[in-house]
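Enquirer: sharing a sequence plus its predicted fold:
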Amino acid sequence: DEVLNGAAARRVCAAAFLQPSQSSLTRCQLPQGGEPLAGRATSYWTPEARYGAKGRALLLRIGVVMILDILPLAGGTARLVRVYGGEPCVKLPGAVPAPEGEGQWPITELGDYCFSEKPRGLPGPEETCRYERAEDGKLCLTRAFGRDVSGKERYSFDFDAPAAPAQDDELHPICGNFLEEVTLPESLRVIGSCTFYNCRRLRRLTAGTGELTMGSDVFLNCFALEDLVIRATPEQATGLFALVGSITEAVRALFWPVGEAAPRAGLWYPAYWEDIEETPAHILLHTFSGQGYHYRQCFLENKLLPAEYDAIFPQGHDADDASVMAMLCFDRLRWPWQLSDAARDAYRDFLKTNTGRVLTRLLKAQDTEGIKVLLALDVMDTDAFAEGAALAAKADNAEAAALLADAEHKKRAAAPQKKRYDFDF
């Protein structure tokens, strides 16, 4: 017989330990419709005893990496109300197994204050179902409407080292300043109010092809949010219109279909400010500062309108951050999806005088491929190369310095030589 090592033996024992028996299942009827299913009777299997300290430690040994609190909704869908874990980058599942053991509940909503450090109005345990997610992605129901359904203790294991008691709260809430990246499931359709309130380190959010409905103040105080990655083609209807409409700070959207090595399009949405002024005649004047608001309106039926987007740049951008506008020009040239010749010329002219701003951001992001693209655009002159060399030296980036020196040498070699005259008296 094959001899299992310690880790393999623990996993085999854990599988037997966690496997429910069919005789312990109790089946009840689910309601057919109405309000959220919170607190309703459902199918579950009840353990004779709780795990205890050893059992909970065993769960951690086999790799529970995430805990999800789910509020079931009428219609066979679910709302995610809270996430627990130990990693700042979260990929949410698209569905959870229904407690009755048949079918799945797609996660279609993120609840209010879901990732906020100080949530308000969260449903109680008697209204929700709790799932544990293992390292292999498998979801296991551990609590249904306030009742522990995690399994019953059949065997006693004596491991080499005593395990310390482990509780659910050892996986702390993924929220606030701890959260850095979130990947939303394809099934998601609604993001509740203040979902990412005060997530000040959230820098990237990935969404699928589905259209979205947003609550209010979804990204309030998310000052580090830089990229919205849309796993779709630029021609598809997506939730980007709703997402950028909820963000007033500068943010970049990347249309990056699943399985492709690079984005198909990159579009910047500059920051803007709203001003409301009351005149002596008690008339409210609503004005916008910056072009960011106009860029966010270039959609029709949740599909991007590239011609309208590019037409805004020649109208003026003095009130906008020059660094953001330089990156807007660069990314449109880097991924020139449906880019007209007139728009290309306008972007190149602005980029020629702002290559230093682009290089500063690329060096900070250590984006070597971006530096290569910038050099391939041939928009740098002698002064720009000198500025770039100084920026690369300041960033202590030898590879970027070498790329800049090589590009400058090739450009000088390709330039036509001036005529020289030799006078021999």
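Expert: It's in.

Enquirer: C-alpha from now on. contacts and neighbour counts both.
Expert: Noted.

Enquirer: what's the average pLDDT for the helix or strand containing residue 363?
Expert: Applying DSSP states H and E as the criterion places residue 363 in helix 355-364. Averaged over helix 355-364, pLDDT sits at 96.

Enquirer: how distant is the biggest helix by length in the chain from the center of its chain?
Expert: Ordering each helix of the chain by length in residues (DSSP state H) puts helix 398-414 first. Chain-centre distance of helix 398-414: 36 Å, with C-alpha atoms, centre = their mean, to the nearest Å.

Enquirer: ok so, going back, now do the helix or strand following the helix holding residue 363 against helix 355-364, angle only.
Expert: Where DSSP H and E defines the elements, the next helix or strand beyond helix 355-364 is helix 368-376. Interaxial angle of helix 368-376 relative to helix 355-364 (axes from the mean of the first three to the mean of the last three C-alpha atoms, to 10 degrees): 160 degrees.

Enquirer: show residues contacting helix 368-376.
Expert: Outside helix 368-376, the residues that touch it by C-alpha atoms under 8 Å, 6 or more residues apart in numbering are 330, 334, 359, 362, 400, 403, 404, 407.

Enquirer: residue ranges with poor pLDDT in the stretch 301-425 of the chain?
Expert: 417-425 (pLDDT under 70).

Enquirer: what about residue 120, how many residues nearby?
Expert: Neighbours of residue 120 under the rule other C-alpha atoms under 10 Å: 11.

Enquirer: for the one 3 residues further on, same thing?
Expert: Each residue near residue 123 was counted by other C-alpha under 10 Å, and the total is 15.

Enquirer: over to residue 192?
Expert: 20.

Enquirer: can you pull the contacts of it?
Expert: Counting by C-alpha under 8 Å, 6+ apart, residue 192 has contacts 109, 110, 111, 112, 113, 214, 215, 216, 218.

Enquirer: isn't residue 258 up against residue 229?
Expert: No: the pair residue 258 and residue 229 does not pass the contact test of C-alpha atoms under 8 Å, sitting 10.6 Å apart.

Enquirer: now, which of the contacts of helix 368-376 sits nearest residue 83?
Expert: residue 362 (33.5 Å; C-alpha to C-alpha).

Enquirer: distance check, the closest one against residue 400.
Expert: Separation of residue 362 from residue 400 (C-alpha to C-alpha, to the nearest Å): 10 Å.

Enquirer: about what we covered before: closest one of the contacts of helix 368-376 to residue 348?
Expert: Nearest to residue 348 among the contacts of helix 368-376, with distances taken as C-alpha to C-alpha, is residue 330, at 8.1 Å.

Enquirer: so residue 404 sits right up against residue 389, yeah?
Expert: Yes: Residue 404 lies in contact with residue 389 (C-alpha under 8 Å); the separation is 6.7 Å.

Enquirer: need the pLDDT of residue 286.
Expert: 69.

Enquirer: before we move on, the earlier item: quick check, nearest of the contacts of helix 368-376 to residue 120?
Expert: For the contacts of helix 368-376, the nearest to residue 120 is residue 362 (39.6 Å; C-alpha to C-alpha).

Enquirer: who's in contact with the closest one?
Expert: Per C-alpha under 8 Å, 6+ apart, neighbours of residue 362: 368, 370, 371.

Enquirer: which among those residues end up buried?
Expert: Neighbour-count burial (16 or more other C-alpha atoms under 10 Å) applied to these gives 370, 371.

Enquirer: dump the contacts of residue 362 to TSV, plus distance to residue 298.
Expert: TSV is the format used below for those (distance: C-alpha to C-alpha, whole Å):
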residue	distance to residue 298
368	31
370	26
371	29
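
Enquirer: tell me which element the closest residue to residue 314 other than its chain neighbours is part of?
Expert: Nearest residue to residue 314 in three dimensions, chain neighbours excluded: residue 346, at 7.2 Å (C-alpha to C-alpha, 6 or more residues apart in numbering). Using DSSP H and E, residue 346 sits within helix 341-352.

Enquirer: what's that helix in contact with?
Expert: Contacts for helix 341-352 (C-alpha under 8 Å, 6+ apart): 310, 311, 314, 326, 329, 330, 332, 333, 379, 380.

Enquirer: distance of residue 404 from residue 378?
Expert: In terms of C-alpha to C-alpha, residue 404 sits 12 Å off from residue 378.

Enquirer: any common contacting residues for the two?
Expert: What both residue 404 and residue 378 touch, as defined by C-alpha under 8 Å, 6+ apart, is an empty set.

Enquirer: among those two, which residue is more densely surrounded?
Expert: residue 404 (21 against 12).

Enquirer: in which helix or strand does the nearest residue to residue 221 once chain neighbours are set aside reside?
Expert: Of all residues not flanking residue 221 in the chain, residue 198 sits nearest, at 5.0 Å (C-alpha to C-alpha, 6+ apart). Counting by DSSP H and E, there is no helix or strand that carries residue 198.

Enquirer: I'd say residue 111 and residue 191 touch.
Expert: Yes: assessed by C-alpha under 8 Å, residue 111 is found in contact with residue 191 at 6.7 Å.

Enquirer: re earlier: what does the pLDDT read for the residue nearest to residue 221?
Expert: Taking residue 198 on its own, its pLDDT is 96.

Enquirer: contact partners for residue 107?
Expert: Going by C-alpha under 8 Å, 6+ apart, residue 107 touches 77, 78, 79, 80, 93, 94, 95, 96, 185, 187, 188.

Enquirer: hey, what's it bridged with?
Expert: residue 78 (DSSP bridges).

Enquirer: before we move on, the earlier item: between residue 258 and residue 229, which one's more packed in?
Expert: residue 229 (21 against 13).

Enquirer: surely the more buried one forms part of a strand?
Expert: Yes: judged by DSSP: H, G, I helix; E, B strand; the rest coil, residue 229 forms part of a strand.
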